[in-house]
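**Q** Here is a sequence with its predicted model. Questions after.
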Amino acid sequence: MEAHKFQILVLGGGTGGVIAAAQLKRKDPSLDIGIIEPNEKHYYQPAWTLVGAGTFDLEKTIRNEKDVIPKGVKWIKGRVAEVIPADNMVKLEDGRFFSYEELIVAVGIQINYDAIPGLKEGIGNNGITTNYDPAYAEYTFECLKKIKKGNALFTQAPTPIKCGGAPQKITYLGDHYFRKKGKRDEINVILALPGTKIFGVPKFEKLLDNVVRTRDIHARFFHELVEIRPDKKEAVYVIGQANTNPDYLKEDANMNIRIEDSFKVVIPFEIMHLAPPQSAPDFIKNSPLAVHDSPWGWVDVDQYTLQHSRFKNVWSLGDVASTPNAKTGASIRKQAPVLVKNLLTKINGGDIQRDYATYNGYASCPIVTRYGRMVLAEFDYHNNPTPSFPINMAKERYSMWVLKKYGLPWLYWNKMLKGDDF
Ligand SMILES: Cc1cc2nc3c(=O)[nH]c(=O)nc-3n(C[C@H](O)[C@H](O)[C@H](O)COP(=O)(O)OP(=O)(O)OC[C@H]3O[C@@H](n4cnc5c(N)ncnc54)[C@H](O)[C@@H]3O)c2cc1C
C-alpha cells in the first residue's frame, strides 16, 4: 500500500505532541516531522478549573491548532484509527496510511462517559458537571451559582485520571464561593474520593487535611462511584476495603446519606462535580503498543527513557504513556527534553543503552485552595518534593495563585509550545 513516510511521526497535537515536535525542530530544523491531529482547536486544560470557578474565560484556553503547530512541521488533519508497529505504519479513520521511521505517541487520555451508568445521560444537566470537558466547564460555575442549600458533592471515578488534584481544587473553590455568597451554612460540601487519603505526598497531605478540617468539608475515602441517578440526583458508591473501614458504611441523617442493599452508599446531591472515568484511547488500548493485560491501555514505555519496551522506534509522553507519575502538563515539561534527547541520540547513531537522559517522574499539582490562594505541590516518582522555588511550598500563597492564573498560561502559549526547555 502507498503511504507517505515521515522521519518522525507524532500522533496527537495536544500538549505533549506539540512540545516534543517544537523541541525536536529547535534541535535540528532539518528533521522531517508530521503531526496527526483531528481537532482544529488546541486547549490549555489546566485553566478549566478556573473556568469552572468563574474566574477565567473559556475562550482564553483555546487557540487554533494551525497556530500552535511548529514551523516546518506538517499537520495532517485526521484521526488515527490503528497503529501497526510491525510495519511502522498508522491508519487513519478516513482510510489514509502514513509510515514512519520514529513514532511519538501523544494522544492523551480518553474520557469514558459510558463507563458509569447514568453519567452520559446526566452530564450537563440536573446539576451534574465536570471541568474535564470544555463543553461543561462553564456549567460548573452555573451550578455553583444556582445551589442554595443541600449537598454539593465533589467526587471522582475510580480510574486513573489526569491532574489528580483537579477534583479537590474545585471543591475548595466551591466552598470559598459559597462562603463569599453567604450561603455556606445551608450547603454541605462533600468530597467523596476512591483513594485512601487526601494526597500522596505527606507534606501536602498534612496541609490539605487541615484545609478540609478547618473549612468543614466532609471528606469520605474508599468511595468507588458505580452509578449516577440523574433524575433522583443521587450518586451510588461501593466502599473499597469496607471490612477495614466500616465507618464509611454509615448513614448520615444530616446529609441524607443512606445505605442501600446493605453495601451501597447513596449520596443525594443538589450539584455534583465529577472527574469522569478515564483510560487510554481505545485504538491505543487495542494496539500492540499497550501494556499487556492492563485495563487502562497506556503505551508501554520505559519510565525513565520514554522509549517503548518492545518497539524501539516508538516513544510516548504525556497522559497516554505508562509512566507511573501523576498525569499533568507539568510532567510533559520534564518528559519532552528527555524523549527528544534519547530519540536524537538514537537516530544520530548513538548508543542509547549507554548514553541516555532520564525522566525522574516529576509532576506538579497546583492546588488552588481558595480564590487568591494556591499550593504548588511538586514531586517525583518516589513522592519526594521537588520544589521549583527556594521557599516553603507547603503553604497557601497568593504568589502561586498569580502564577497559576497569569504566569503559567503565558509560559504555556509563549514558551512551552514554542519548544523552550526550562
Ligand atoms: C480540569 C483539568 C485541570 C488540569 N490542571 C492541570 C494543572 O493544573 N497542571 C498541569 O500540569 N496539568 C493539568 N491538567 C492536565 C493536563 O492538561 C494534561 O496532563 C495534558 O494536557 C496532557 O497532555 P497530552 O499531550 O498527553 O494530552 P492532550 O493535551 O489532551 O492532547 C492529546 C491530543 O491527542 C489528540 N488525539 C486524540 N485521539 C487521537 C487520534 N485517534 N488521532 C490523532 N490525535 C488524537 C487529541 O485531539 C488531543 O489534541 C489538567 C487537566 C484538566 C482536564
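**A** Structure received. Numbering: from 1, shown residues only.
**Q** Just give me the longest helix of this protein.
**A** Criterion DSSP state H: the longest helix present in the chain is helix 329-347.
**Q** Might you calculate how far the following helix or strand past that helix sits from the centre of the chain?
**A** Where DSSP states H and E defines the elements, the next helix or strand beyond helix 329-347 is strand 363-370. Mean-position distance between strand 363-370 and its chain equals 13 Å (C-alpha atoms, centre = their mean, to the nearest Å).
**Q** Beyond strand 363-370, next helix or strand please.
**A** Counting by DSSP H and E, the next helix or strand C-terminal to strand 363-370 is strand 373-379.
**Q** what's in contact with that next one?
**A** Identification of contacts with strand 373-379 by C-beta atoms under 8 Å, 6 or more residues apart in numbering yields 165, 199-201, 204, 207-208, 326, 330, 361-369, 385-389, 393-398, 400-401, 403-404. Where you see a C-beta, it was placed from the backbone N, CA and C, and this is true even at glycine.
**Q** try 7 Å
**A** Strand 373-379 is contacted by residues 201, 204, 207, 363-369, 385-388, 393-398, 400-401, 404 when judged by C-beta atoms under 7 Å, 6 or more residues apart in numbering.
**Q** So which of those residues reach the ligand?
**A** Among those, the residues lying close to the ligand (C-beta under 6 Å from any ligand atom) are 364, 366.
**Q** Got a quick ChimeraX command for the buried subset of the contacts of strand 373-379?
**A** To isolate the buried ones among the contacts of strand 373-379 in ChimeraX, judged by 16 or more other C-beta atoms under 10 Å, type:
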select :201,204,207,363,364,365,366,367,368,369,386,393,394,396,397,400,401,404
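**Q** for the ligand, what are the nearby residues on the stretch 51-200 of the chain?
**A** 79-80, 106-108, 131-132, 162-163, 166.
**Q** err, the stretch 301-422 of the chain, not the other one
**A** Residues of the stretch 301-422 of the chain found near the ligand (C-beta under 6 Å from any ligand atom) are 318-320, 327-330, 332, 364, 366.
**Q** Any chance of a markdown table for those, columns distance to G350?
**A** Formatted as a markdown table, those follow (distance: C-beta to C-beta, whole Å):
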| residue | distance to G350 |
| --- | --- |
| G318 | 24 |
| D319 | 28 |
| V320 | 26 |
| K327 | 29 |
| T328 | 30 |
| G329 | 29 |
| A330 | 28 |
| I332 | 24 |
| S364 | 30 |
| P366 | 36 |
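**Q** Using a markdown table, lay out the residues of the stretch 51-200 of the chain next to the ligand together with pLDDT, secondary structure and neighbour count.
**A** Listed next are those as a markdown table, based on pLDDT from 0 to 100; DSSP: H, G, I helix; E, B strand; the rest coil; neighbours: other C-beta atoms under 10 Å:
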| residue | pLDDT | secondary structure | neighbour count |
| --- | --- | --- | --- |
| R79 | 98 | coil | 15 |
| V80 | 98 | strand | 24 |
| A106 | 98 | coil | 30 |
| V107 | 98 | coil | 26 |
| G108 | 98 | coil | 22 |
| N131 | 98 | coil | 28 |
| Y132 | 98 | coil | 25 |
| K162 | 97 | coil | 20 |
| C163 | 96 | coil | 25 |
| A166 | 96 | helix | 26 |
